[in-house]
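[1] Sequence isn't available, so here's the structure alone:
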DNA sequence: GCACAAAAGGTGATCGTTCACTATCCGGCG
DNA sequence: CGCCGGATAGTGAACGATCACCTTTTGTGC
């Protein structure tokens, strides 16, 4: 790579414009523009001249000028939660997918109370700086007034307009697998420690949990919890009555599961001899717990990618791409065992 | 979710321009521009007219057009690592600080091998789309040719051009505190399980560890590890000779510490009766381990903010702001106890 | 060789703002 | 009274690309 770069944007070499490229190539600026935008209809010889000029001048289109004229920003906002459960993997997947599709990514994190957050999102959507919004945090009833034709928007884990959600479907599959796994081990009476109900993924795991028990003729002792924290799991275990008859606990993620295991152990229960515990996410620590934690591994990065691809398809008025690839798998480990007799 | 599509990239209502504001206010467009850019020199009466017009028309400046003219993007890139240790807190702090200063944030995640990553950063810096780069991942020897006046750039945890680092100083303080804490408990012979040496923060903790032992006349049995993982800690504990004489282990983060504790326990050692262990980060699980984990809590969000503020000061050719606020604290818990006799 | 349509390329206007000048207002001073 | 100069405000030209429309070249059938 030759090194003739000067401070970009700042003082230094002056920009190479489309005009200079045109002059050098011996064509008009519009021809160069056509080349850049793939408008086609250029003779091979012309294309070559233009390419040569671009190469020689090290020309790069000015994206701001382009945006100015086209009124398109090629920019998508990703909204992050302030404090809660946040996974970098789907975020990276989404950002990568956006870049691959030629979009830049704006990151906005939501702070403050409901009112301030709402305000922030509305300002964002109205700012004309982004073409779509992908949110990693639930926005609640932020848009009761769906009157405005606002921006395309997708909330990770929420249902999309076709009632198929990115991730939610996968959730269903694996929650069912977990229950099946435990039922095969002879368990009949279950407890679910749920995640924050703000999250569709939490609500969904809960729903599928209940439906699956119903379908298999098994019994739910109840659903407790409500936060994605170790503490939430610990307290759930601590508060479980000794005579509940529960022999298996499905925790909505690994942190909760960890808390559950610790709570049970502190009360003198053995895992899995007395009670089996299953988590969700396959975080690295899961295999180092004692006992090692049965969990579900999801391809989170892939999910982030697909959410973004779906969103971009909507921005461009295209058909949403078909999803493929394995979304995850159940990983049986030491924390789930045969039900006690 | 409801379908909130507008036309691809197009905006519903048509833009209000500075011209319309000027007309309504009965002044020239340039006067409105002056008002917007705080160029001053406007009579109070004029200011009022302009403000009224802006309010009535719900005018908002077109930032793209502004960028087009000023050649400034008000945009800073944040570079994220692909796979490794990634903390959302400092990221959010940095993003928030940028927004408060009127900058947008672009997120770029680095994938692929060294060559591809290098290429990606160079392209980014040359793209004229951002004014500065804040990296959350070490970039290695990516810029041996420091000849160019490239973009202002700051790597979290690395030293800046004044040899003062954001975070590194704090690291030093707390590594010293950890050793002091253990020395007070009677420990004399230590082991350090380090993080990935790519990271300045890992190198720094290691350095301060060694220096502090030296200064206090204590002994290091060695430095092992080299990854920010539970596994790395587990293996360090597994491989520690029984006769090493080590009674205290300083792990570079909580995940490593967790692995160390598990590894020791699997070998039949008691923590802290036989060996004390100290971690770093105060992750939520630290207080639920058995024993609970002594660790250091850092104000990571604050560190992210300050890194960004420092970077922005450089972009704007201002003096770097003075840092304030408490950066963290040592949290003694169950995993550190008196040295065995 | 000619008519004519399609393909290829050119011209000037335009996006919304700020920059660099220029013009006007108005009080004070010689 | 006229002139000066600072304080305000206005005018037209950029910024660098694309769009809409127009002109020239090329190819084809007879």
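    Yep, that arrived. The model shown is predicted, which means the values in this text are computed figures rather than measured ones.

[2] Correct me if wrong: residue A:64 contacts residue B:74.
    No - in this structure, residue A:64 is not within contact of residue B:74 by Cβ atoms under 8 Å, at 11.1 Å. The C-beta positions use only the backbone N, C-alpha and C, and glycine is treated the same way.

[3] Residue A:191: neighbouring residues, count only.
    25 (other Cβ atoms under 10 Å in any protein chain shown).

[4] Quick check: phi and psi at it.
    phi -130, psi 140 (degrees, to the nearest 10).

[5] For the stretch 151-300 of chain A, just list every one of the strands.
    Assigned by DSSP state E, counting those that start in this stretch, the strands in the stretch 151-300 of chain A fall at A:153-155, A:189-194, A:219-225, A:248-251, A:276-278, A:295-298.

[6] burial measure for the closest residue to DNA strand D within the stretch 201-341 of chain A, as a count.
    Residue of the stretch 201-341 of chain A nearest DNA strand D, by Cβ to the nearest atom of the strand: residue A:316 (14.0 Å). Using other Cβ under 10 Å, residue A:316 has 14 neighbouring residues.

[7] tell me which parts of the stretch 1-150 of chain A are close to DNA strand D?
    A:14-15, A:17-19, A:29-30, A:32-33, A:36-37, A:61-62, A:65-66, A:68-70 (Cβ under 7 Å from any atom of the strand).

[8] thinking in terms of the whole chain, how far from its middle is stretch A:330-341?
    Stretch A:330-341 has its C-alpha centroid displaced from the chain centroid by 29 Å (Cα atoms, centre = their mean, to the nearest Å).

[9] ugh, typo on my part, it should be stretch A:329-340
    On Cα atoms, centre = their mean, the centre of stretch A:329-340 falls 27 Å from the chain's centre.

[10] That one: which residues count as buried?
    A:330-331, A:333-337, A:339 (16 or more other Cβ atoms under 10 Å in any protein chain shown).

[11] Could you show which parts of chain A are in contact with DNA strand C?
    So far as Cβ under 7 Å from any atom of the strand goes, chain A lies against DNA strand C at A:27-31, A:40-43, A:45-46, A:68-69.

[12] Can you give me the neighbour number for the closest residue to residue A:102 other than its chain neighbours?
    Leaving aside its chain neighbours, residue A:102 sits nearest to residue A:74 (6.0 Å; criterion: Cβ to Cβ, 6 or more residues apart in numbering or on different chains). Neighbour count for residue A:74, taken as other Cβ under 10 Å: 17.

[13] State the pLDDT value of residue A:74.
    Per-residue pLDDT puts residue A:74 at 77.

[14] and residue A:226, what is it in contact with?
    By Cβ atoms under 8 Å, 6 or more residues apart in numbering or on different chains, residue A:226 lies in contact with A:194-197, A:232.

[15] same check, this time on residue A:244
    Contacts of residue A:244 (Cβ under 8 Å, 6+ apart): A:189, A:191, A:221.

[16] nearest to DNA strand C, of those?
    Taking Cβ to the nearest atom of the strand as the measure, DNA strand C lies nearest residue A:191 of the contacts of residue A:244, at 58.0 Å.

[17] Show me the beta-bridge partners of the closest one.
    Here residue A:191 sits in beta bridges with residue A:222, residue A:249, as judged by DSSP bridges.

[18] Just the closest residue of the stretch 1-150 of chain A to chain B, please.
    At 4.0 Å from chain B, residue A:72 is the closest residue in the stretch 1-150 of chain A, using Cβ to the nearest Cβ.

[19] Can you say which helix or strand has that residue in it?
    For residue A:72, there is no host helix or strand (DSSP states H and E).

[20] Please apply the same query to the one 4 residues further on.
    In the assignment (DSSP H and E), residue A:76 maps to strand A:75-80.

[21] Which stretches in the stretch 1-150 of chain A count as strands?
    A:75-80, A:104-109, A:132-135.

[22] Could you export those strands as JSON lines, including mean neighbour count and distance to residue A:184?
    Output for those, formatted as JSON lines (neighbours: other Cβ atoms under 10 Å in any protein chain shown; distance: least, Cβ to Cβ, whole Å):
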{"stretch": "strand A:75-80", "mean neighbour count": "22", "distance to residue A:184": "39"}
{"stretch": "strand A:104-109", "mean neighbour count": "23", "distance to residue A:184": "43"}
{"stretch": "strand A:132-135", "mean neighbour count": "24", "distance to residue A:184": "38"}
